[in-house]
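Peer 1: sequence below, structure please.
(chains A and B)
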Amino acid sequence: MQLKVFGKGFNFSQDGPGNRLVYHLKGCNMHCPWCSNPEGMLCDVGDFYILTKDELLSEVLLSKPMFFEGGGVTFTGGEATIQFDSLFEIIKALQENDISVAIETNGTSKKLSQLFPLLNHLIIDLKHPDSNKHKETTGISNEIIKQNILLAAKSGVDLLIRIPLIGGFNTHPEELNRFIEFLKSIKGKNVKVEVLKYHEYGKDKWEKCGLEYKMKDAFVPEETRISFEEKIKSVGLTVIRT
Amino acid sequence: MYNVYNSTKVTEKAKALFKEERAKKRVDGWFIAREIVANKQNEFKNLSKEMRAAKELEAIVTELPITISDNAVFAGSQSDAFARSYALINPSFRVETFSGYCDPTAVYDDIEPNEEFTEQRINKVREFSKNSAYVKSLSAVYDKYSNYTEEVAFFIEQVTGHIIPDFRPALKYGLAEILKTLDKNIAETDDDYKKDNFKSIKVALNCAVILANRYADIAVEKAKSANEKRKAELLLLEKTLRKVPFGPAESLYEAIQSYMLLWEIMCLEQAPNPFAFSVGNADRIFEPYRAADGLSREDTASLLKHFLVFFNVGDRSWAISQNLLISGRDIDGNDLTNPTSYALMDAYFDMNLPQPILSVKLHKNTPDELYAELGRFFFSPGVLTPSLFNDDSVFEILKARGVSNEDLADYSVAGCQEPLIMGKDNGNTTNSWLNMPKILELCLNGGYSMITGKEIKKQDTPDTLTLLKNIREIFYTTLNSYIDEMCDAANGASKAVSELPVPFLSGFMGGVESGYDMRDTENQGTKYNGSGCLIHGLSVLADSFVAIDKLLAERPEDAENLIAALKANFKGYEELHAFLKAAPKFGNNILVVDNEAAEIANKVSDMVAAHKNYLGNPFRADWASPTTHLTYGYWVGATPDGRVAREQLNYGVDPLYGEAGGGMGFRMLSNMRLPFNKMGGGYASHLGIDPKYFTAESFEGKGIDFMRRIIKPLFFNDAMGDKVAPFYLYVNVTTPETLRKVLADPKKYAPSGVYIMRIHGTFVNFLDLSPEIQQDIIKRLDPASTTM
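Peer 2: Predicted coordinates:
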């Protein structure tokens, strides 16, 4: 039982609540052109290392004093669920040791709901309300993602839906309205939404990976975010910023 | 006094006074003081050494030229007690040539002769100094141990300064009361030695009255030609000086004036080496007077600005490492932050001076307000940042050192970070310095230096494999034999210093009760006494042990090559070098090496503490390396952890720069495994903080974030159970790029000419530093260790 990891480190409150030890797992089934961790996209290419269940567990237990303010472990990527079976076992082991576990996922795993009972926090990205447009840009359609969001909301797991606003991709008023249409169907006190704005923190990494960064003019005005957040609130959902 | 002044005017004057001080390119007062002493020798030769010291001080305060600046609100100066010689801010400092402060007459080389201070005049005083019992005795010690100190297997130092005097009774009751007690003690004791000491202290304390009256006379004289406004100010000053420090202070203005004169004389008594005296909790010292006056925060701050300017000497603020504390707790855990704490913070922030150092005592009940107010210090570029102490831990450690409950809240820090009790503790803090990686080098090479090939102390060495397999045992045994010699040498230096009694300071260190000088090496004059040992190279040693283990386990066939590789500084052994570099390193939350570091710290602290000083008290393990991680590293060959020859050692208890690549969280976790309960002499630790991780909009918000993300996890972490938590930290909140920009274009980034950074326990004007120290600060920001 082992994971391919391409990065790890503590982060405060941005990957789930409190101070969290974040593991970046290798491999992704999408190819979003704005990805801030492009080195994680390919499964067996680039620098990574293998962490066995025991190694990871021991590192996490040694790190406990730093899980302050409700912190714990977060698995992200790449796409955390690409290594689903190992991830499942490791999360189970962490839960047995009372470690708070979060995952950040693109929501495309058909088996995602198996993890719900084991998670303290679940963060799912929804990148576009339209399935075709979603597939065109990321390589995968959004049906399963939406389905997973609905299931998660219903399951009672602490769920954060993250919508990254990318200029020229998903910020047209019509597209924003379609996000809202979908969000309307979600209920539950366990659900929160966060709206993120396009950034270029990963741009240099694309060049380092020998890849071309093709995004242009994708920055989004703060007003767009604020008005979108207001609309989300108006359908009864809680909006947070981390 | 606010009939005469208003706070805006007082602040303006403080700023003008600082500007005036920074324009001073010469500080010759210390030399004049030494010359006065030299000229009086025949007159005093039949006196006891304590009385001679008192009379010398009396001659200095009587004859030394003194002035009152037009910008002065108070009388008093430290400029006559310090020389322009402190290494870190001396542009001529070079790592490769710095040999410590072992020649007490070297200071005479730091005066540039001119028409007034001719070479002949300088030489005369130098010769007098060279022939003194102190210098002769000290030189004999250095000569005896030079083989060890030249390449710094260990180093020793005569400790001057580094004390926290307790001036509170003098402020409250006036010197008059203390003089009365001395008269009573003189009358009552049958012990002639004590009687003479009491008398010496009396003569010395009276120097404050002489000096106050001299300043008062100047004030009167100046008032004659001053305009009406200044005249009123000068007459207020005169009236105050006729009253304090002889009589009790009854207002904040009087208390500050009284304190400054006492401090001035304390420094003159040790000129030119009164480094690292500390004030202690200035907020607690002055708060009763502020409260009695009912002064506002703003008015209090304005007066305290003059108090802060007083600690700056000459063009580079040469009086370095003078520490001033605020906040903290009492024995019951109650917070002692008071309005003067906040006023002091305002004074510091507005003035942003290179001295004195600000330290803040924290504890688990420190109010959020204090953290919020600290935000502006940490997150304004180029502004001083306080060092931080954890009272909850320090109290435990001091208790273990035998400090009584009633004294705990009075701990203060001498110089950088060594905890001492105000008015009661002669910790002799920088007395001895131990270089563990050098001793490892000697163990691996039969006692010969890998740097020069010189025999330091020959030792029998088994074959390489046996040596490496038993490296810990061999190292600890060897280390202990070096500690034996180091402590002998250090005690020799302390005995040399006792040739220079300090009756004035002893008056505020328990001498009025004990009847002994605080430097007496045969009778303990202070309630607490010990000697410091600064232990270097913790993580280099831990990483080296673990790298050796890995080599033996994984590539035993290469083990034979290790020593040759070290001697060749890895030239021709690049592959082995890469293997050693890749071994686990302290600072990354890797248990095997973190535990190794903890064990070393445990064992070596115990070994040091088992050694006795001149009074039979333990040496105190102090895991600090005030820039000596550079100067000592220069004398250490390549080490098994992959560190190359002459590279710096790790700083204090920190990982070697560049080795904690896993970020702040892992770095803190490794740090928290160390046995802080054993570090009774103090320790040093620094974190480079990248401001980009603190995104709150206001300084207050950033201050709270700093508390939540750095201080609470490190100092007050519930998950650590009963383990004594870390108790000291300083930070630099910036990035290497920012500092490079400041160096490249100081006019743009530091228009005032002052850009404060921290280097070990003190802060300094980054622009005043020698280039190698500037680069060390940049290096140790260590970006990979700052990710959060």
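Peer 1: residues from chain A in reach of chain B?
Peer 2: Listed as neighbours of chain B in chain A under the rule C-beta under 8 Å from any C-beta of the partner chain: A:8-12, A:19, A:21, A:58-59, A:62-69. All C-beta spots, glycine's among them, are computed from the backbone N, C-alpha and C.
Peer 1: need the strands for the stretch 51-200 of chain B, in chain order.
Peer 2: Applying DSSP state E, counting those that start in this stretch to the stretch 51-200 of chain B gives strands spanning B:154-156.
Peer 1: low-scoring pLDDT stretches of it, where are they?
Peer 2: Counting by pLDDT under 70, the ranges of the stretch 51-200 of chain B that qualify are B:87-92, B:99-101.
Peer 1: out of the residues of chain A next to chain B, name the ones that lie in helices.
Peer 2: Judged by DSSP state H, the subset of the residues of chain A next to chain B located in helices is A:58-59, A:62.
Peer 1: buried ones among those?
Peer 2: By neighbour count, with 16 or more other C-beta atoms under 10 Å in any protein chain shown, those hold A:59, A:62 as buried.
Peer 1: low pLDDT regions in chain B?
Peer 2: B:87-92, B:99-101.
Peer 1: SS state for the residue most central in space within chain A?
Peer 2: Centroid check for chain A by C-alpha atoms, centre = their mean gives A:Glu104 as the closest residue, at 3.1 Å. Here A:Glu104 is recorded as strand under DSSP: H, G, I helix; E, B strand; the rest coil.
Peer 1: got the contact list for it?
Peer 2: Contact analysis of A:Glu104 by C-beta atoms under 8 Å, 6 or more residues apart in numbering or on different chains lists A:15-16, A:74-77, A:80, A:123, A:125.
Peer 1: could you dump these into CSV and include neighbour count, secondary structure and pLDDT?
Peer 2: As requested, the contacts of A:Glu104 are arranged in CSV below (neighbours: other C-beta atoms under 10 Å in any protein chain shown; DSSP: H, G, I helix; E, B strand; the rest coil; pLDDT from 0 to 100):
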residue, neighbour count, secondary structure, pLDDT
A:Asp15, 23, coil, 92
A:Gly16, 28, coil, 94
A:Thr74, 25, strand, 97
A:Phe75, 29, strand, 97
A:Thr76, 22, strand, 95
A:Gly77, 26, coil, 89
A:Ala80, 28, helix, 96
A:Ile123, 24, strand, 98
A:Asp125, 22, strand, 96
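Peer 1: count the neighbours of the closest residue to chain B within chain A for me.
Peer 2: Closest contact between chain A and chain B, by C-beta to the nearest C-beta, is at A:Phe10 (3.1 Å). Neighbourhood size, A:Phe10 [other C-beta atoms under 10 Å in any protein chain shown]: 27.
Peer 1: and the spatially closest residue to A:Asn170 that is not a sequence neighbour, what pLDDT?
Peer 2: Sequence neighbours aside, A:His128 is the residue nearest to A:Asn170 in space, at 4.9 Å (criterion: C-beta to C-beta, 6 or more residues apart in numbering or on different chains). Looking at A:His128, its pLDDT reads 96.
Peer 1: isn't B:Pro354 right up against B:Val754?
Peer 2: Yes - assessed by C-beta atoms under 8 Å, B:Pro354 is found in contact with B:Val754 at 6.5 Å.
Peer 1: give me the more crowded residue out of the two.
Peer 2: A count of neighbours by other C-beta under 10 Å puts B:Pro354 above the other of B:Pro354 and B:Val754, at 27 against 22.
Peer 1: contacts only, for that one.
Peer 2: Counting by C-beta under 8 Å, 6+ apart, B:Pro354 makes contact with B:312, B:316-317, B:754, B:756, B:763-765, B:768.
Peer 1: any idea which strand is longest in chain A?
Peer 2: The longest strand of chain A (DSSP state E) is strand A:2-12.
Peer 1: hey, C-alpha coordinates of that strand in PDB?
Peer 2: C-alpha atoms of strand A:2-12 as PDB (Å, rounded to 0.1, in the frame of the first residue of the first chain):
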ATOM      1  CA  GLN A   2       1.800   3.100  -1.200                       C
ATOM      2  CA  LEU A   3       1.300   6.500  -2.800                       C
ATOM      3  CA  LYS A   4       3.200   8.400  -5.400                       C
ATOM      4  CA  VAL A   5       3.800  11.800  -3.900                       C
ATOM      5  CA  PHE A   6       5.300  14.800  -5.700                       C
ATOM      6  CA  GLY A   7       5.200  17.300  -2.900                       C
ATOM      7  CA  LYS A   8       4.200  17.800   0.700                       C
ATOM      8  CA  GLY A   9       4.200  20.600   3.200                       C
ATOM      9  CA  PHE A  10       2.000  22.400   5.800                       C
ATOM     10  CA  ASN A  11      -0.600  24.900   4.700                       C
ATOM     11  CA  PHE A  12      -2.800  27.000   6.900                       C
END
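Peer 1: who does that strand pair up with?
Peer 2: strand A:19-25 (antiparallel), strand A:49-52 (antiparallel) (DSSP bridges).
Peer 1: distance from the chain centre to it, please.
Peer 2: Relative to its chain's centre, strand A:2-12 lies at 14 Å (C-alpha atoms, centre = their mean, to the nearest Å).
Peer 1: what's around the closest residue to A:Glu175 other than its chain neighbours, how many residues?
Peer 2: Distance criterion C-beta to C-beta, 6+ apart; nearest residue to A:Glu175, sequence neighbours excluded, is A:Pro129 at 6.2 Å. By other C-beta under 10 Å, 21 other residues sit near A:Pro129.
Peer 1: from what I see, A:Pro129 and A:Phe179 are in contact.
Peer 2: Yes - here A:Pro129 reaches A:Phe179: they are 4.8 Å apart, a contact under C-beta under 8 Å.
Peer 1: anything in contact with each of the two?
Peer 2: Shared contacts of A:Pro129 and A:Phe179, counting by C-beta under 8 Å, 6+ apart, come down to A:Asn170.
Peer 1: thinking again about what came up before, for the residue nearest to the centre of chain A, name its beta-bridge partners.
Peer 2: Beta-bridge partners of A:Glu104, counted by DSSP bridges, are A:Ile123.
Peer 1: check it and give its pLDDT.
Peer 2: 97.
Peer 1: again with A:Asp44
Peer 2: Predicted confidence (pLDDT) at A:Asp44: the value is 67.
Peer 1: which strands and helices sit next to the lowest-mean-pLDDT helix or strand in chain A?
Peer 2: For chain A, counting by mean pLDDT, DSSP states H and E, helix A:203-208 ranks last in confidence among helices and strands (a mean of 86). Taking 3 or more C-beta pairs under 8 Å, 6 or more residues apart in numbering or on different chains; DSSP states H and E as contact, there are no helices or strands that helix A:203-208 lies on.
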